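Enquirer: Provide a 3D model corresponding to the input given below.
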Amino acid sequence: MFLSPTVGSLPDDFFVTVSQFTRTAYRDEYPDIDPTSEALSQEGKVVVITGTSQGIGRQGFAPAFAKANAKAIILVARNEAEVEAAGREIKEINPKVKVLTQALDIRNQTSVQALFAKIKSEFGTVDVLVNNAGSGKSALPIKVVDPEDFWYDFEVNVKGTLLMTQSFLKLVGDGKPATIINVTSAGGISVIPNTSSYSLSKLVQIQMQRFVTVENPNITAISLHPGTILTPITKPYFVKFSKDTFALAGGVAVWLATEQAKFMNGRYMGANWSVAELMERKDEIVSKGLLLEELQGTFGKAQFEE
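Expert: Here you go, the predicted model:
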């Protein structure tokens with residue numbers, strides 16, 4: 001998908017309708033993704049969420065898993081004061097959930113490894129990883145973008161995701177089922193001027209999960225576009241489109257961590273899509289290889305032979 005620089009003239013729901021995969025599209029929480037429902041229970045699970053000092057991590061994913069009765073939620077962010085405040089908010093939502101807050105930079109391998117050593121010591125294992133921390137630092141054309149700003153997005157979105165994923169996989173082991181949710185973006189499958197480093201790093205993040213699923217049969221890994229939500233990193237020209245709620249993203253993430261969503265393994269989905277309608281199309285999605293990032297076309301020597 002290519003978007004012209006006249007993005008400001010588009011209707012408010014453009015980013016919902018242009019990528020709509022199900023007949024019904026949502027912009028707020030609905031019964032099928034209600035994290036308090038028994039069908040979405042996360043009881044007994046240990047959940048790690050990055051990027052929880054603000055935005056979707058703090059106001060969407062963390063509260064949703066708390067409402068779903070996760071056993072423990074580990075909140076990760078660089079800002080110590082804010083991540084601790086997020087932890088207190090989770091305890092207010094669900095006093096029963098065990099909360100561990102950790103201030104660290106996910107680009108630092110030593111810090112990430114120390115975090116998972118601590119998780120192992122306190123909880124023994126882990127069940128769900130939400131790779132939510134992200135960066136969209138550069139906002140200039142490739143011709144003039146600062147290479148350092150360009151690469152910073154890769155450091156956070158690719159290296160950070162890699163380090164968190166590696167430590168998660170090592171703690172989970174080769175047998176126990178577990179789930180990784182990569183919070184990506186429609187930008188990862190689009191060409192929007194002046195967003196090259198963000199979009200390309202998100203594309204790598206989407207494809208990284210394909211390797212995770214092939215190499216680790218016990219892992220379900222899914223890329224989630226959380227919708228268009230107003231957060232501290234929303235670009236000014238995207239504010240008018242940012243009407244999706246934190247609860248929508250949070251509820252969908254909890255659904256992705258259930259048995260219901262295992263058919264989405266290795267795939268990309270938008271939070272606006274109806275999960276009930278996705279389940280209705282399960283056989284089609286799997287048999288036709290839908291929602292995978294792949295080169296289109298007909299390939300192979302055989303097509304040119306009699």
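
Enquirer: what's the spacing between the host helix or strand of Ala117 and its chain's center?
Expert: Using DSSP states H and E, Ala117 sits in helix 109-123. Its chain's C-alpha centre and that of helix 109-123 lie 21 Å apart, by Cα atoms, centre = their mean, to the nearest Å.

Enquirer: Which helix or strand lies directly C-terminal to that helix?
Expert: Toward the C-terminus from helix 109-123 - assigned by DSSP H and E - lies strand 128-131.

Enquirer: Just the C-alpha atoms of that next one, please, in CSV.
Expert: This file holds the C-alpha atoms of strand 128-131, laid out as CSV (Å, rounded to 0.1, in the frame of the first residue of the first chain):
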residue,chain,number,x,y,z
VAL,A,128,3.5,-14.7,27.1
LEU,A,129,5.8,-12.0,25.7
VAL,A,130,4.3,-8.8,24.3
ASN,A,131,7.1,-7.0,22.3
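
Enquirer: can you give me the strands for the stretch 1-150 of the chain?
Expert: Counting by DSSP state E, counting those that start in this stretch, the stretch 1-150 of the chain has strands at residues 46-50, 72-77, 98-103, 128-131.

Enquirer: need these in JSON lines with mean pLDDT and distance to Ile180, can you?
Expert: The way it works is simple: take the backbone N, C-alpha and C, and place the C-beta from them, glycine included. Below are those laid out as JSON lines (pLDDT from 0 to 100; distance: least, Cβ to Cβ, whole Å):
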{"stretch": "strand 46-50", "mean pLDDT": "98", "distance to Ile180": "10"}
{"stretch": "strand 72-77", "mean pLDDT": "98", "distance to Ile180": "14"}
{"stretch": "strand 98-103", "mean pLDDT": "98", "distance to Ile180": "18"}
{"stretch": "strand 128-131", "mean pLDDT": "98", "distance to Ile180": "5"}
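
Enquirer: In a markdown table, list these along with distance to Gln303 and mean neighbour count.
Expert: Converted to a markdown table, the strands of the stretch 1-150 of the chain look like this (distance: least, Cβ to Cβ, whole Å; neighbours: other Cβ atoms under 10 Å):
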| stretch | distance to Gln303 | mean neighbour count |
| --- | --- | --- |
| strand 46-50 | 44 | 27 |
| strand 72-77 | 49 | 26 |
| strand 98-103 | 53 | 18 |
| strand 128-131 | 39 | 28 |
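
Enquirer: Show me the one of these that comes nearest Ile142.
Expert: strand 128-131 (25.7 Å; Cβ to Cβ).

Enquirer: Show me what that closest one packs onto, helices and strands only.
Expert: On a contact count with 3 or more Cβ pairs under 8 Å, 6 or more residues apart in numbering; DSSP states H and E, strand 128-131 meets strand 46-50, helix 161-172, strand 178-183.

Enquirer: buried residues in the second one?
Expert: Neighbour counts over helix 161-172 (16 or more other Cβ atoms under 10 Å) mark 161-165, 167-169, 171-172 as buried.

Enquirer: coming back round to it: want to throw the helices and strands packed on strand 128-131 into a markdown table with distance to Val275?
Expert: Shown next, in a markdown table, are those (distance: least, Cβ to Cβ, whole Å):
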| stretch | distance to Val275 |
| --- | --- |
| strand 46-50 | 19 |
| helix 161-172 | 24 |
| strand 178-183 | 14 |
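
Enquirer: any idea how far Ile180 is from Ile222?
Expert: The gap separating Ile180 from Ile222 is 7 Å, by Cβ to Cβ, to the nearest Å.

Enquirer: Quickly list what's touching both of these two.
Expert: Shared contacts of Ile180 and Ile222 (Cβ atoms under 8 Å, 6 or more residues apart in numbering): Gln209.

Enquirer: Of those two, give the one with the bigger neighbour count.
Expert: More crowded of Ile180 and Ile222, by other Cβ atoms under 10 Å: Ile180, with 28 against 25.

Enquirer: Tell me the bridge partners for the more buried one.
Expert: Beta bridges link Ile180 to Leu129, Ala221, judged by DSSP bridges.

Enquirer: Per-residue confidence at it, what does it come out as?
Expert: With respect to pLDDT, Ile180 scores 98.
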